[in-house]
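> my questions are about this predicted structure, shown below with the sequence.
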Amino acid sequence: MDIAIMGAGLSGLACAITLEQHGVTPHVYENRSRVGDRFVSAEVLFSFISRPVKDCIEYLSEQFHLYLQPLASVQNLLIYSPNAAASIDGYLGFTNLRGREQESFEAQLSRQLKTPITLNSQKSYEQLLREYTHIVMATGDADYGVKTNNFRKDFTVCIKGAMVEGSFDRNTVRAWLNYDASPGGYGYLIPISEQKANIVIAYSEHRTGVVRQMEPSWDLFKGLVEKELGQTLRVTDHFEISQYAVGICNEGRIGNTFFVGNCFGCIMPYLGFGQFASILTGVYAAYDLLGLGKYEELTAAIRQSYENSLVLRRSMEQLTNKDLDLVVGFLDGYWGDKLLKTSRFDPFKVASYLLRPYVKLKVGATS
Ligand SMILES: Cc1cc2nc3c(=O)[nH]c(=O)nc-3n(C[C@H](O)[C@H](O)[C@H](O)COP(=O)(O)OP(=O)(O)OC[C@H]3O[C@@H](n4cnc5c(N)ncnc54)[C@H](O)[C@@H]3O)c2cc1C
């Protein structure tokens, strides 16, 4: 069995390490000049996203011997709508780094891999197919899936983010639900240190059928963040992504090709979380290759969770700023604690179950 892994990101590296742990050496191809050679950004692993797993870092370590160090634990989540705010306190998950830094998740994983990675790879999927018996598609995008009609693209998102300097609490993550700034989407602040943070807005590009310019939205959002923090933030680096595809593959495996990470459909349509699921799909593809399980069965829960999250997204997109005030007001106190912190059930599953008839009615009527 000759295995090529296309992409040395979270899912590709998790797959490669798992194979190595079981005595199989794959060949990892990365088209950039080094692992994580992209903008530096902060991301978050919330335990309410990964239920029933409460602590993703511990789970990856205990179950799969994948060792990751986060930046900090999240002890406070503040959510703002135009005229309401919710504060949820207690252990909620972790913040972590991505991109070029030594401590980014991809850099940490690459240090756990013994086999050298082939960098600056120009090899196409078709070339790899001729040279290897098995391919793991881990390029972090839907390009090949779309090309081969194996990806259901549900919507595209534009994302703008910046690294800012100011004064921050390392354990507090903030989120903004304000459709004047990010229509149908959201904005957030994740601290990297006491002096640095990442601020980001993300929203669906075609929600209103009109592609909005990002600049006015960004200025509005940055103003909201600065007002809330009572600080002027200095931008030191920024990035902008358009046409970021969110969708899911029809088949996780076609022939001897496995689709993992974002190629599988690991980005949760509501709130864009995908790290934990991406790592899991990498491990699960390795398990299938090793004869330890069936990829489609192992990924069934991730597929279901994608669909649940899509229902939530579709229903959130229907709301107005006034509705958002009600949602955020509801999350402040008992229900926020119950849903996001203390409870054992999956809030996306519950929300999807409750909202599905509403979405069918509203979206079904317009599509
Ligand atoms: C701005 C932003 C914020 C996010 N925030 C969060 C968050 O807070 N929490 C969360 O859980 N998730 C978040 N996500 C989602 C998460 O980052 C992704 O789901 C996850 O990184 C996907 O892992 P992956 O392995 O599929 O792709 P990646 O980790 O992106 O890796 C793909 C790799 O493939 C390489 N590659 C691409 N094309 C080729 C090719 N042709 N040949 C060889 N190599 C190739 C790339 O260079 C890259 O190294 C965020 C995403 C973005 C964009």
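Sure, I can see it. Numbering: from 1, shown residues only.
> and Val246, how far from the ligand?
10 Å (C-beta to the nearest ligand atom, to the nearest Å). C-beta: built from backbone N, CA, C; applies to glycine.
> what kind of secondary structure is whichever residue of the stretch 51-200 of the chain sits closest to the ligand in?
For the stretch 51-200 of the chain, the residue closest to the ligand is Gly140, as judged by C-beta to the nearest ligand atom, at 2.7 Å. With DSSP: H, G, I helix; E, B strand; the rest coil as the basis, Gly140 sits in coil.
> number of residues surrounding Val40?
For Val40, the neighbour count with other C-beta atoms under 10 Å is 17.
> that one and Asn198, how far apart?
According to C-beta to C-beta, to the nearest Å, Val40 stands 8 Å off from Asn198.
> okay, and the common contacts of those two?
Common neighbours of Val40 and Asn198, counting by C-beta atoms under 8 Å, 6 or more residues apart in numbering, are Met163.
> surely Tyr287 meets Gly293?
Yes - assessed by C-beta atoms under 8 Å, Tyr287 is found in contact with Gly293 at 4.4 Å.
> looking at those two, which has the bigger crowd around it?
Taking other C-beta under 10 Å, Tyr287 and Gly293 do not tie; Tyr287 has more neighbours (19 against 16).
> number of residues surrounding the residue of the chain at minimum distance from the ligand?
Distances between the chain and the ligand by C-beta to the nearest ligand atom are smallest at Gly9, namely 1.6 Å. Residues lying near Gly9 (other C-beta under 10 Å) number 27.
> again, but for the one 4 residues further on
Number of residues near Leu13 (other C-beta under 10 Å) recorded here: 32.
> and the helix or strand encompassing it, what other elements does it pack with?
Per DSSP states H and E, Leu13 falls inside helix 10-21. On a contact count with 3 or more C-beta pairs under 8 Å, 6 or more residues apart in numbering; DSSP states H and E, helix 10-21 meets strand 3-6, strand 27-29, helix 105-110, helix 275-289.
> at 7 Å instead, please
strand 3-6, helix 105-110, helix 275-289 (3 or more C-beta pairs under 7 Å, 6 or more residues apart in numbering; DSSP states H and E).
> dump the ones you listed to CSV, plus mean pLDDT.
Below are the helices and strands packed on helix 10-21 laid out as CSV (pLDDT from 0 to 100):
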stretch, mean pLDDT
strand 3-6, 98
helix 105-110, 98
helix 275-289, 98
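> double-check that Ser217 belongs to a strand.
No - in this structure, Ser217 is helix, not part of a strand, as judged by three-state DSSP.
> spatially, what comes nearest to it if we skip its sequence neighbours?
Spatial nearest neighbour of Ser217, chain neighbours left out: Ala181 (5.4 Å); criterion: C-beta to C-beta, 6 or more residues apart in numbering.
> quick one, what contacts that neighbour?
Gly187, Ile201, Ser217, Leu220, Phe221, Leu224 (C-beta atoms under 7 Å, 6 or more residues apart in numbering).
> for Leu60, see how far away the third one is.
In this case it means Ser217. 35 Å.
> please apply the same query to the first one.
Here the criterion is C-beta to C-beta. By it, Gly187 lies 28 Å from Leu60.
> the more surrounded of these two?
Gly187 (26 against 21).
> list the contacts of that one.
Trp176, Ala181, Val200, Ile201, Phe221.
> which ones among the residues you listed map onto helices?
Among the contacts of Gly187, DSSP state H puts Phe221 in helices.
> lowest-confidence entry in the contacts of Gly187?
Ranked by pLDDT, the contacts of Gly187 bottom out at Ala181 (92).
> how about residues contacting the helix or strand hosting Ser61?
Here Ser61, judged by DSSP H and E, is contained in helix 56-64. For helix 56-64, the external contacting residues (C-beta under 7 Å, 6+ apart) are Thr18, Leu45, Ser50, Val53, Leu66, Tyr67, Leu68, Pro70, Phe94, Phe276, Ile279, Val283.
> keeping just the C-alphas, turn that helix into PDB.
What follows is helix 56-64, C-alpha atoms only, in PDB (Å, rounded to 0.1, in the frame of the first residue of the first chain):
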ATOM      1  CA  CYS A  56     -10.700  18.200  22.900                       C
ATOM      2  CA  ILE A  57      -7.000  18.500  23.800                       C
ATOM      3  CA  GLU A  58      -7.300  15.800  26.400                       C
ATOM      4  CA  TYR A  59      -9.300  13.600  24.100                       C
ATOM      5  CA  LEU A  60      -6.800  13.800  21.200                       C
ATOM      6  CA  SER A  61      -4.000  13.100  23.500                       C
ATOM      7  CA  GLU A  62      -5.700  10.100  25.400                       C
ATOM      8  CA  GLN A  63      -7.400   8.500  22.400                       C
ATOM      9  CA  PHE A  64      -5.000   9.100  19.500                       C
END
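> quick one: it to helix 275-289, angle?
Counting by axes from the mean of the first three to the mean of the last three C-alpha atoms, to 10 degrees, helix 56-64 lies at 10 degrees to helix 275-289.
> and the helix or strand just after helix 56-64, what does it pack against?
Tracing the chain past helix 56-64, the next element assigned as helix or strand by DSSP H and E is strand 72-81. With contacts taken as 3+ C-beta pairs under 7 Å, 6+ apart, strand 72-81 sits against strand 84-98, strand 172-176, helix 321-331.
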